[in-house]
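**Q** return a 3D structure for these sequence lines:
(2 chains)
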Amino acid sequence: MINISVSVSLSLNLFEAAGIALVVLGAALNMIGSIGLIRFPNYFVRIHATTVSVMGGCFLPLVGVALMAYGGADVVTALGALATGGFIVLTAPVASHAIARAAAKSKIDRGPLVCDHLEEDKK
Amino acid sequence: MIDAILVGLVAIFLASIVIAAYRLIRGPTIPDRMLALDIISYTFAVVMALVAVLLRSPFLIAISFMLALWFYVGSLYVARYLEGGEIGD
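**A** Numbers count the residues shown, from 1 in each chain, chains lettered A, B, ... in the order given. The predicted model follows:
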């Protein structure tokens, strides 16, 4: 048992171990976000689950993939994964904000509201 | 060793895509479906990046790059459609 664990820890270098840790964390966050997307009651609550799933569950694993590819001496895949993560961070909030603004203007179920700053701005 | 871990992680991400596809099919309004499509698209980009590391093929990362680069345009078009404006102005 000890020999197996030693050989496993020797077969990974530092970059690959850090990358796998990030991808495992991201897989857990992605699953949590997807479950929240099903369980939450209406659209404006589900946006929070999408944020967890996209930022924690897609950006972190791409950084982990970049570390793993860099540890495996595959620089092209590492740079591509880093660029993909950067574009996700740049463009996902734009799309989410546009859809949320359109949904707030159309008449969908909004649940129990505490306050509504959009209506206050219109007045 | 690392390949077995990667296959398990790809399975977890694909299960997450299936769970989000339930909201895509079921979702009562159009913004709900776009939210589920967001998660499915970006998670598929992550799956493609993992497969690129698994198969040691740098060409597969281009799929993930193009998904992350162009998917938000679809969300912007659906937002314009929901607000009732003309696309392109």
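**Q** so which helix or strand takes in residue 17?
**A** Just going to use chain A. Using DSSP states H and E, A:A17 maps to helix A:14-39.
**Q** actually chain B
**A** Applying DSSP H and E as the criterion places B:I17 in helix B:2-26.
**Q** mind listing what's buried in that helix?
**A** The neighbour-count check on helix B:2-26 (16 or more other C-beta atoms under 10 Å in any protein chain shown) flags B:I2, B:L6, B:L9, B:V10, B:I12, B:F13, B:S16, B:I17, B:I19, B:A20, B:R23, B:L24 as buried. C-beta here means a position set from N, CA and C on the backbone, and glycine is covered the same way.
**Q** what about A:E120, neighbour count?
**A** 8 (other C-beta atoms under 10 Å in any protein chain shown).
**Q** also A:A73?
**A** For A:A73, using other C-beta under 10 Å, the count is 9.
**Q** for A:V89, same thing?
**A** 15.
**Q** can you pull the contacts of the nearest residue to it once chain neighbours are set aside?
**A** Once flanking residues are discounted, A:V89 sits nearest to A:F59: 5.8 Å by C-beta to C-beta, 6 or more residues apart in numbering or on different chains. By C-beta atoms under 8 Å, 6 or more residues apart in numbering or on different chains, the contact list for A:F59 reads A:G26, A:G85, A:I88, A:V89.
**Q** repeat that with 7 Å
**A** Neighbour list for A:F59: A:G85, A:I88, A:V89 [criterion: C-beta atoms under 7 Å, 6 or more residues apart in numbering or on different chains].
**Q** ok so, going back, buried sites along the helix holding A:A17?
**A** Of all the residues in helix A:14-39, those buried under the rule 16+ other C-beta under 10 Å are A:15-16, A:18-20, A:22-24, A:26-27, A:29-34, A:36-37.
**Q** from the residues you listed, list the ones also adjacent to chain B.
**A** The subset of these lying close to chain B, counting by C-beta under 7 Å from any C-beta of the partner chain, consists of A:E16, A:I20, A:V23, A:V24, A:A27, A:N30, A:M31, A:G33, A:S34, A:L37.
**Q** got a markdown table for these, with pLDDT too?
**A** As requested, those are exported to a markdown table (pLDDT from 0 to 100):
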| residue | pLDDT |
| --- | --- |
| A:E16 | 88 |
| A:I20 | 91 |
| A:V23 | 93 |
| A:V24 | 94 |
| A:A27 | 94 |
| A:N30 | 94 |
| A:M31 | 94 |
| A:G33 | 93 |
| A:S34 | 93 |
| A:L37 | 91 |
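**Q** show me which of those is closest to A:L118.
**A** A:L37 (23.3 Å; C-beta to C-beta).
**Q** B:A21 reaches B:I39, doesn't it?
**A** No - look at B:A21 against B:I39 with C-beta atoms under 7 Å: they stay out of range, at 9.3 Å.
**Q** so the helix holding B:I17 versus helix A:14-39, what angle?
**A** Relative orientation of helix B:2-26 versus helix A:14-39 (axes from the mean of the first three to the mean of the last three C-alpha atoms, to 10 degrees): 20 degrees.
**Q** near chain A too, which of the buried residues of helix B:2-26?
**A** Within these, those near chain A by C-beta under 7 Å from any C-beta are B:I2, B:L9, B:I12, B:F13, B:S16, B:I19, B:A20, B:R23.
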